[in-house]
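>>> A predicted structure for the sequence below; I have some questions about it.
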Amino acid sequence: MNILVTGANGQLGNEMRILAKNSTDKYFFTDVVDASQESIAMLKKLAGDDINTKTEHLDITNLDAIREIVKRENVEAIVNCAAWTNVDGAEDPEKYELVELLNAKAPENLAIAMKEVDGWLVQISTDYVFGKEPYNTPCKEDQKGTPTGVYGVTKLFGEQKIIATGCKYMILRTAWLYSEFGKNFVKTMLNLTATKPQLKVVFDQTGTPTYALDLAIAIVAALKNPVEGIYHYSNEGVCSWFDFTEMIAEYAGNTGCDIQPCHSFEFPSPVKRPAYSVLDKTKVKDTFGISVPYWTVSLRECIKNLK
């Protein structure tokens with residue numbers, strides 16, 4: 001299969017590069033930003049100097065540009081790792097059109113291009129499509145979306161636009177993504193717990209961390225025998241951001257930082273984040289026969305790579 005990866009220089013895109021190295025499928029990697037030297041060095045550390053770090057420029061807000069590369073490379077599936085992911089920044093009224101363009105219109109463009117060639121679109125969505133209604137059981141795929149901010153609203157809109165095109169799609173909602181690449185919570189807390197004597201972290205937001213490599217493995221498995229639908233994928237287990245930070249510090253050996261739990265209101269934000277966004281993964285496991293690692297196991301592996 002010829003597979004196009006958008007947003008290839010981000011967290012998930014780089015993990016897809018690692019899996020592509022030993023794949024029998026042919027991958028094409030695209031982005032609108034260049035890869036950082038730090039990311040290239042990490043790729044070579046994890047996968048060897050012969051890892052494919054090449055990136056072709058592709059603006060997914062341009063439907064004609066998508067059509068051109070799909071035709072040229074005979075693309076049979078697109079994995080869309082590109083999105084606006086700055087949750088707080090999305091609340092800026094001057095940014096709304098751009099956020100909607102990237103999170104809703106661009107995925108629709110990809111869906112149209114795949115519909116025209118009878119190909120598959122794998123769209124990465126988010127737990128932020130939930131959150132407004134109070135609940136304390138893991139969210140299922142058919143649960144009504146009740147986003148609390150612009151980021152979640154536009155990602156949910158993107159899902160709806162993809163489905164409306166009639167293309168063959170797999171939408172994977174994920175949560176609390178981290179990796180060895182780019183900026184993420186794990187890398188931030190590794191630095192803070194190593195340099196700060198004390199740290200406050202919220203304990204009243206509950207979810208599950210997701211190692212981007214595990215999500216990439218699930219995507220590859222799904223593309224081997226694709227089944228249309230919406231799926232949830234995060235690592236197994238449940239924790240708060242406070243619990244997450246405690247384990248990051250423990251695995252990194254950062255024992256000198258006093259980590260204290262605090263309430264969300266102590267860190268004012270322009271958007272109300274979901275208090276509980278644990279995702280039910282029964283469907284993805286049953287459909288594709290995949291095994292989902294427990295979150296602490298994957299966290300330890302990622303920190304080992306970073307250290």
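On my side now, so go ahead.
>>> Give the buried residues for the lengthiest helix in the chain.
For the chain, the longest helix by residue count, based on DSSP state H, is helix 150-165. Neighbour-count burial for helix 150-165 flags 150-159, 161-163, 165 (criterion: 16 or more other Cβ atoms under 10 Å). Every residue, glycine included, has its C-beta placed from N, CA and C.
>>> Pretty sure residue 109 sits in a helix.
Yes - secondary structure of residue 109 (DSSP: H, G, I helix; E, B strand; the rest coil): part of a helix.
>>> wait, it sits on residue 64?
No - the criterion here is Cβ atoms under 8 Å, and residue 109 misses it with residue 64 at 9.3 Å.
>>> if you count what's nearby, which of these two comes out ahead?
Counting neighbours by other Cβ atoms under 10 Å for residue 109 and for residue 64 shows that residue 109 has the greater number, 22 against 9.
>>> distance of the more buried one from residue 115?
In this view, residue 109 and residue 115 are 11 Å apart by Cβ to Cβ, to the nearest Å.
>>> Then residue 21?
30 Å.
>>> Wait, residue 255 touches residue 249, no?
Yes - checked against Cβ under 8 Å, the pair residue 255 and residue 249 is within contact range at 7.2 Å.
>>> Of the two, which one has the most company?
Each of residue 255 and residue 249 has its neighbours counted (other Cβ under 10 Å); residue 249 has more, 21 against 8.
>>> low pLDDT regions in this protein?
For the chain, applying pLDDT under 70 flags no range at all.
>>> could you pull out the helices for the stretch 151-300 of the chain?
Under the criterion DSSP state H, counting those that start in this stretch, the stretch 151-300 of the chain contains helices at 185-195, 212-224, 241-252, 282-288, 295-306.
>>> what angle sits between the last one and helix 185-195?
Relative orientation of helix 295-306 with respect to helix 185-195: 70 degrees, computed using axes from the mean of the first three to the mean of the last three Cα atoms, to 10 degrees.
>>> could I get helix 295-306 in CSV with only the CA atoms?
C-alpha atoms of helix 295-306 as CSV (Å, rounded to 0.1, in the frame of the first residue of the first chain):
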residue,chain,number,x,y,z
TRP,A,295,0.6,3.6,30.4
THR,A,296,3.4,3.2,32.9
VAL,A,297,5.2,0.6,30.8
SER,A,298,5.2,2.8,27.7
LEU,A,299,6.2,5.9,29.8
ARG,A,300,9.2,4.0,31.2
GLU,A,301,10.3,3.1,27.6
CYS,A,302,10.0,6.6,26.3
ILE,A,303,11.9,8.1,29.2
LYS,A,304,14.7,5.5,28.7
ASN,A,305,15.0,6.7,25.2
LEU,A,306,15.1,10.3,26.2
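>>> where does the longest helix of the chain sit relative to the chain's centre, distance-wise?
Distance, stretch centre to chain centre, for helix 150-165: 15 Å (Cα atoms, centre = their mean, to the nearest Å).
>>> and it, what does it pack onto?
The contact analysis (3 or more Cβ pairs under 8 Å, 6 or more residues apart in numbering; DSSP states H and E) places helix 150-165 against helix 96-100, helix 106-117, strand 120-126, strand 168-174.
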